[in-house]
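*Asks:* sequence first, then the predicted structure:
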Amino acid sequence: METVNLIVNGSAFSGEVEGRKLLSDFLREDLRCTGTHVGCDTGQCGACVVHVGGKAVKSCSMFAWEADGMEVATIEGMADEESLGDIQQAFQDSHALQCGFCTPGMVMSAAALLDENPNPTDAEIRDYLEGNLCRCTGYHNIVKAIRSVAERRASAGAA
């Protein structure tokens, strides 16, 4: 057993986990953050992307104990009780989701991209999302949603 102390979506957690438990499983099973999806268990699909220490990571390729002492953000932390976060709202407005399975990972990756590059080109958005697979949308509306958030944030900052 390994001891983990971390902050998930602003709430402190301390407990014991098996050394082999993946962060994705820990979030889903122990903390009930079921928005973190597991699609492949090999780190290739991106459905499990969360932020650990401010960086986007594929939580199915990281042990829970590796996040000890870190802040972890999941899709559940992207909105409040009353409204969606701006990226989530843009995905809805742009019809950037269909089945929704990849959406949490896409939103978390988009948030990381916009933190690193507040004004990405369409090519930069597509390049950044290369590790996130979607079998439904064809990515066009996902890129459109992310670009709209970047534009909205830029105009709000200029105002």
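*Replies:* In hand now; what should we look at?

*Asks:* tally up the residues packed near the residue nearest to Gly85 when sequence neighbours are not counted, please.
*Replies:* Excluding its sequence neighbours, the residue lying closest to Gly85 (Cβ to Cβ, 6 or more residues apart in numbering) is Met78, at 4.1 Å. C-beta here means a position set from N, CA and C on the backbone, and glycine is covered the same way. Counted with other Cβ atoms under 10 Å, residues neighbouring Met78 total 20.

*Asks:* residues in contact with Met78?
*Replies:* Leu84, Gly85, Ile87, Gln88, Val107, Met108, Ala111 (Cβ atoms under 8 Å, 6 or more residues apart in numbering).

*Asks:* which residues touch the biggest helix by length in the chain?
*Replies:* Across the chain, the longest stretch assigned as helix under DSSP state H is helix 140-158. The contact list for helix 140-158 (Cβ under 8 Å, 6+ apart) reads 86-87, 90-91, 93-96, 106, 110, 113-114, 118-120, 122, 125-126, 129, 134.

*Asks:* quick one: which of those residues sit in strands?
*Replies:* Taking DSSP state E, every one of the contacts of helix 140-158 sits outside strands.

*Asks:* what subset of these is buried?
*Replies:* 86-87, 90-91, 94, 96, 106, 110, 113-114, 120, 125, 129, 134 (16 or more other Cβ atoms under 10 Å).
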